[in-house]
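Chemist: Sharing a sequence plus its predicted fold:
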Amino acid sequence: MLPGDTASQAALNQTAADTSLRVAGLDLYPRAGLNVMYDDNLLISPNNPLRDWEWTLLPGLTATAGDLGSYLPGPVTLSEIRDLRTYALLDDGSLPQHYLGVDYSPAVNFFTDNSKYNGVDQIEGLSGGYAFSRLFVGLDQDFAHVTAKDNSVGDRVTTTTFNTRVPLRYELTDRTSIDVSGQYHFLSYADPLYHGYQEFRNEDWYNRLFGAKLQLGLGAAFGFVAPEASPNQTYQQALARAIYVISGKLDVRGSAGLEFRQYDSRQTSTTDPVFTLAATYQPRASTTFNLEGYRRQEPSYSGNDNNITLGAGVGVRQLLLGRLTALLNVGYENVDYVVLGTGNSNDRVDNYYLVRANLQYEVNRHLTATLFWIYRQDASNKPLYSYVDNMIGVRANWYY
């Protein structure tokens, strides 16, 4: 994991005792934030957009236990804890032997003129791991109940999601290892007009390290998908992946393969490519570039289609003047709604564009202030789903 911003750089120079509350053997990392944003298309409508000011209170708490202190000094997040399994903050690449992290991040939302959209989002997560002499066993659990804009639905919707993941790694030798993981995903919409799904997935890898910088792997994945309003699906994936790391400079991780999917309907079995790519390049301490790409398939909210999404994104983070950091991210997705052979399909294709620009000032170790602008556009072949949306606002974050 390459350094993200000035605050994370400073955090690496501190001990856990300096940046957390120690209570009954737990390290507590409280935080709070305030987000004030003007949104010129609150419901991502194609015509007559609804405009409003949104005020969001962002309290939060992360609690950790175990031997994380020397690996993640400074404020800790669950994503950083999970990254320790594949990224090393220390040059020796060692990992904590036993740890547990729990996070609670509600968001209290108020609207100036449209109070019917007021509400509280609930986001919770847990991550834990235990290492034996050669075996590592982990557990990740995420829960979210949120109301947000949904590009596929074309409106604000309330969803509930559960994600459970159990990763295991066994070190065969100092250069070879086996990864096995099980995952469960659940998505449900509050509005019965929209349909969620459940997915069970197993992923298995054989990995080999070549030199000190390159790891290659061969793998297979097996999945079962149970949509609420359409026949079940099964799939198998034949995969290969590569990880190339130059400490402090370059990190490239990618996987690619073929997916063979079967449907409990009149839909013919399909064979499609799948891939993921994530790259980070840091030419100097003040500059970081990011690149991502992916192709994936999942059930549509309509119950009649599957979404095949091809996406890419690029980003740059630049330290400008000591405590001032600029961030620019640009993303694109092409979403094809593929008929499943049950009911009437909307035969829809979306082209989704996202631009996000931030200017962040680190007041001190505890406080940051951010000015941001977000641009979203969907150019759909169905005019009902096309829209343009601009959001501009300020955010203040406090960390213990």
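Modeler: Cool, got the structure.
Chemist: Could you use CA atoms for every contact and neighbour count after this?
Modeler: Noted.
Chemist: Just the CA trace of stretch 240-252, in CSV.
Modeler: C-alpha atoms of stretch 240-252 as CSV (Å, rounded to 0.1, in the frame of the first residue of the first chain):
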residue,chain,number,x,y,z
ALA,A,240,-4.4,-16.4,-13.9
ARG,A,241,-3.0,-13.5,-12.0
ALA,A,242,0.2,-11.5,-11.5
ILE,A,243,1.5,-9.2,-8.7
TYR,A,244,4.5,-7.0,-9.3
VAL,A,245,5.9,-4.8,-6.5
ILE,A,246,8.8,-2.4,-6.3
SER,A,247,8.6,-1.2,-2.6
GLY,A,248,7.7,2.4,-2.4
LYS,A,249,7.4,2.9,-6.1
LEU,A,250,5.2,0.6,-8.1
ASP,A,251,2.5,-1.9,-7.3
VAL,A,252,0.6,-3.7,-10.1
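Chemist: Averaged pLDDT, it. What do you get?
Modeler: Stretch 240-252 shows a mean pLDDT of 89.
Chemist: Now do the buried residues in it.
Modeler: Across stretch 240-252, burial judged by 16 or more other C-alpha atoms under 10 Å covers Ala240, Arg241, Ala242, Ile243, Tyr244, Val245, Ser247, Gly248, Leu250, Asp251, Val252.
Chemist: Equivalent analysis for stretch 159-179, please.
Modeler: Buried-residue list, stretch 159-179, by 16+ other C-alpha under 10 Å: 159-170, 176-179.
Chemist: Sort out for me which of those are in strands.
Modeler: 159-170, 176-179 (DSSP state E).
Chemist: Between which two of these is the distance greatest?
Modeler: Thr159 and Thr176 (40.8 Å; C-alpha to C-alpha).
Chemist: residue ranges of the helices in the stretch 1-150 of the chain, please?
Modeler: All helices of the stretch 1-150 of the chain, identified by DSSP state H, counting those that start in this stretch, fall at 6-11, 16-19, 78-83.
Chemist: and stretch 369-388, how far apart are its ends?
Modeler: From its first residue to its last, stretch 369-388 covers 27 Å (C-alpha to C-alpha, to the nearest Å).
Chemist: outside of it, which residues touch it?
Modeler: 41, 44-47, 151-154, 348-363, 389-397 (C-alpha atoms under 8 Å, 6 or more residues apart in numbering).
Chemist: among those, which are in strands?
Modeler: Among the contacts of stretch 369-388, the ones falling in strands (DSSP E) are 349-363, 389-397.
Chemist: Narrow those to just the buried residues.
Modeler: 349-362, 389-397.
Chemist: So what's the residue count around the closest residue to Pro59 other than its chain neighbours?
Modeler: Using C-alpha to C-alpha, 6 or more residues apart in numbering and skipping the chain neighbours, the partner closest in space to Pro59 is Ala32 (4.2 Å). Using other C-alpha atoms under 10 Å, Ala32 has 16 neighbouring residues.
Chemist: Bridged to Ala32, which residues?
Modeler: Bridge pairing for Ala32 (DSSP bridges) gives the partners Trp398.
Chemist: Okay, it and Gly182: tell me how far apart.
Modeler: Plainly put, Ala32 is 34 Å away from Gly182 if you go by C-alpha to C-alpha.
Chemist: Next, the contact list for Leu42, please.
Modeler: Leu42 neighbours (C-alpha under 8 Å, 6+ apart): Pro49, Leu50, Arg51, Asp52, Arg156, Asp389.
Chemist: quick one: low-confidence parts of the stretch 201-350 of the chain?
Modeler: Low-confidence segments of the stretch 201-350 of the chain (pLDDT under 70): 341-346.
Chemist: could you redo the last one with a cut-off of 50?
Modeler: Applying pLDDT under 50 to the stretch 201-350 of the chain flags no residue at all.
Chemist: Need the per-residue pLDDT for the residue most central in space within the chain.
Modeler: Taking C-alpha atoms, centre = their mean, the centroid of the chain lies closest to Ser79, which sits 8.7 Å from it. pLDDT for Ser79: 83.
Chemist: how much space is there between it and Tyr244?
Modeler: 20 Å.
Chemist: Okay, and the beta partners of the residue lying closest to Thr270 once chain neighbours are set aside?
Modeler: In this structure, Thr270 finds its nearest non-sequential neighbour in Arg261, 5.3 Å apart by C-alpha to C-alpha, 6+ apart. On the basis of DSSP bridges, Arg261 is bridged to Tyr235, Thr270.
Chemist: now swap in Ala240 and tell me
Modeler: So, taking DSSP bridges as the rule, Ala240 has Leu218, Ala256 as bridge partners.
Chemist: circling back to that earlier point, out of the contacts of Leu42, which end up buried?
Modeler: Pro49, Arg51, Asp52, Arg156, Asp389.
Chemist: Among those, which one sits closest to Asp103?
Modeler: So of these, ranked by how close each gets to Asp103 (C-alpha to C-alpha), first place is Arg156, at 25.4 Å.
Chemist: Report the rounded mean pLDDT for the helix or strand containing the closest one.
Modeler: Assessed by DSSP states H and E, Arg156 sits inside strand 155-171. For strand 155-171, the mean pLDDT works out to 96.
Chemist: follow-up on the earlier one: gap between the residue nearest to the centre of the chain and Tyr99?
Modeler: For Ser79, the distance to Tyr99 - C-alpha to C-alpha - is 14 Å.
Chemist: same thing with Asn48?
Modeler: Asn48 is 51 Å from Tyr99, by C-alpha to C-alpha.
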